[in-house]
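A.B. asks: here is the input, now give the coordinates:
(one chain, ligands or ions: 1)
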Amino acid sequence: MKTPAEEPAILLVDDEEELLFSTRLILRREGFANVLTQSDSRLVAAMLDEQPVAVLVLDMTMPHLSGLDLLRRVKETHPGLPVVMMTAVNDVDTAVTCMQAGADNYLVKPVDRTRLIATVGTCYDLGRTRTELDRLRRHLSEGQLENEAVFRDIITVSPRMRSIFFYLESVAPSRQPVLITGETGTGKELVARAIHTLSGGGGPFVAVNLAGLDDTMFSDTLFGHQRGAFTGADRAREGLVCRAEAGTLFLDEIGDLSPSSQVKLLRLLQEGEYLPLGADAPRICAARIVVATHVDLKAGMESGRFRSDLYYRLCAHHVALPPLRERPEDIPLLLEHFLDNAARALNKARPSAPQELSRYLAAYRFPGNIRELEALVRDAVARHPGRILSLEPFLVAISGDLALPQDEASNEERCHTCLLKDHFPTLKGAEEYLIAEALRLAGGNQRLAASYLGITRQALNKRLSRSPA
Ligand SMILES: Nc1ncnc2c1ncn2[C@@H]1O[C@H](COP(=O)(O)OP(=O)(O)OP(=O)(O)O)[C@@H](O)[C@H]1O
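C.D. replies: Residues are numbered from 1 along each chain as shown. Alright, predicted model coming up:
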């Protein structure tokens, strides 16, 4: 685990200088870059006020203030700060006293190296989670984003999306990777750009699509190579990790990564270092890493296609974007937004949308999500000469792919049984049933019902006039 110098520190407090030295060394070797020590317990409070501390490790027996006294004071001033106690005695009473006073864990001296690393690592993660939750809680209670402007390109009125914005603000200061999942076209790259802006590193946003990159291409694209590293490498190539320095490296389609590339990415995340092909010294990766995928990584883990250690590393922070059909309230706003964009791009007068269009679109499943809506609007604007858009191109596109309301979808079986009843239906019976269902779903609107059935309104009318009332 990496804790670069600007990350919150791990503060070790013990009156034995030698023990401080060796413990610090162990943690530094494990990748905790920012480890501070203090041998005078009276100075700890001031240190906590001066800099962010992620984990406090306290010896129990110290001159001036004992570990327990210090623990009690710290819990009053910094209640969320994880504290690990070190004791020379392995007895239940001491452990219980420490825990009752608010300690998160305790270690017995001489401290076992593996247990030290595991305990500090767990507390480090715990502290980070508590800080994020605090920020999130504060944000939600205030109801206001700190950086509303960062999200201006993400058009939404969906409460789910708003709570994602709050979450993004709370995780932005962390240097841990962020995993963004969601169906294609739900806005994963837009969200990655927002994270980049919120992180404020000052470097560039560098996006790379990993789909179709074999392992050699993956290494070369990300890590680059030295001149002469292989036949034909007549000049050095800078990798994207280097280009994204102090900025964000956005790795899209992470679910498609080959097993050997997964190992390389894991190493990059764990060590914070990479080796360009042909180089003999590793380079430090200073970029923030954000990854995205539309595939189910958990299923990939279960089937052995995706490494579980990589998954857990990547989802230190996880954002799951809802598909458009689960936030239909966004459709009217997005429609207006894309109408503006399309008219501007095509240099045409901006047409307006027929009133009922949003309602029709809300019934569609939108497998391509917002990208599909954007393309539909652009196409409709390009084709249409008038001031009010025609419904036809939309109805043609959405017919046959209806998003059943949640309870309807789960009652699929019920529909089949009522269609079949206790006998196989005649063609006429099935047609009547389908027409009745389409009309019901369309709220009696014949035009919409016809589009669900994939026929024209006139054809529906003809059938309705034939069928018994
Ligand atoms: N909420 C939104 N407001 C405005 N535009 C949006 C919104 N969400 C997505 N878009 C637009 O939809 C298109 C697709 O978005 P984006 O590329 O971010 O999706 P994605 O989830 O990364 O897709 P993929 O999985 O296919 O890579 C882009 O043109 C983007 O600008």
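A.B. asks: shouldn't residue 265 be within a helix?
C.D. replies: Yes. Judged by DSSP: H, G, I helix; E, B strand; the rest coil, residue 265 forms part of a helix.
A.B. asks: what about it, distance to residue 62?
C.D. replies: In this view, residue 265 and residue 62 are 43 Å apart by CB to CB, to the nearest Å. Every C-beta, even on glycine, is put in place using the N, C-alpha and C of the backbone.
A.B. asks: what do you get for residue 28?
C.D. replies: Residue 28 sits at a distance of 23 Å from residue 62 (criterion: CB to CB).
A.B. asks: and what of residue 196?
C.D. replies: 44 Å.
A.B. asks: more crowded one of those two?
C.D. replies: residue 196 (25 against 21; other CB atoms under 10 Å).
A.B. asks: can you count the residues close to the residue nearest to that one when sequence neighbours are not counted?
C.D. replies: In space, residue 196 comes closest to residue 248 once its chain neighbours are excluded; the distance is 3.9 Å by CB to CB, 6 or more residues apart in numbering. Counted with other CB under 10 Å, residues neighbouring residue 248 total 22.
A.B. asks: okay, and the beta partners of residue 248?
C.D. replies: residue 205, residue 288 (DSSP bridges).
A.B. asks: quick check: residues of the protein near the ligand?
C.D. replies: Residues of the chain lying near the ligand by CB under 6 Å from any ligand atom: 154-156, 182, 184-190, 252, 292, 294, 334, 337, 370-371, 374.
A.B. asks: generate a ChimeraX selection restricted to the buried subset of those residues.
C.D. replies: Here is the ChimeraX selection string for the buried members of those, based on 16 or more other CB atoms under 10 Å:
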select :154,155,156,182,185,186,187,188,189,252,292,294,334,337,370,374
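A.B. asks: tell me which of the residues of the chain next to the ligand fall in helices.
C.D. replies: 188, 189, 190, 334, 337, 370, 371, 374 (DSSP state H).
A.B. asks: give me every residue that touches the third one.
C.D. replies: Contacts for residue 190 were tallied using CB atoms under 8 Å, 6 or more residues apart in numbering; they are 153, 154.
A.B. asks: and the residue nearest to residue 196, how far from the ligand?
C.D. replies: 14 Å (CB to the nearest ligand atom, to the nearest Å).
A.B. asks: likewise for residue 18?
C.D. replies: Counting by CB to the nearest ligand atom, the gap from residue 18 to the ligand is 53 Å.
A.B. asks: ok, residue 428 next?
C.D. replies: Applying CB to the nearest ligand atom, the value for residue 428 to the ligand is 43 Å.
A.B. asks: SS state for residue 322?
C.D. replies: Classification of residue 322 by three-state DSSP places it in coil.
A.B. asks: in the stretch 51-200 of the chain, what residue is nearest the ligand?
C.D. replies: residue 187 (2.9 Å; CB to the nearest ligand atom).
A.B. asks: touching, that residue and residue 321? I think so.
C.D. replies: Yes. Between residue 187 and residue 321 there is a contact under CB atoms under 8 Å: 6.0 Å.
A.B. asks: where does the prediction get shaky in the stretch 351-469 of the chain?
C.D. replies: 400-425, 467-469 (pLDDT under 70).
A.B. asks: quick one: buried residues of the longest helix seen in the chain?
C.D. replies: The single longest helix within the chain, with elements called by DSSP H, is helix 113-142. Residues 116-117, 119-121, 123-128, 131-132, 135-136, 139 are the ones in helix 113-142 that count as buried (16+ other CB under 10 Å).
A.B. asks: residue of the stretch 201-350 of the chain closest to the ligand, please.
C.D. replies: residue 294 (4.7 Å).
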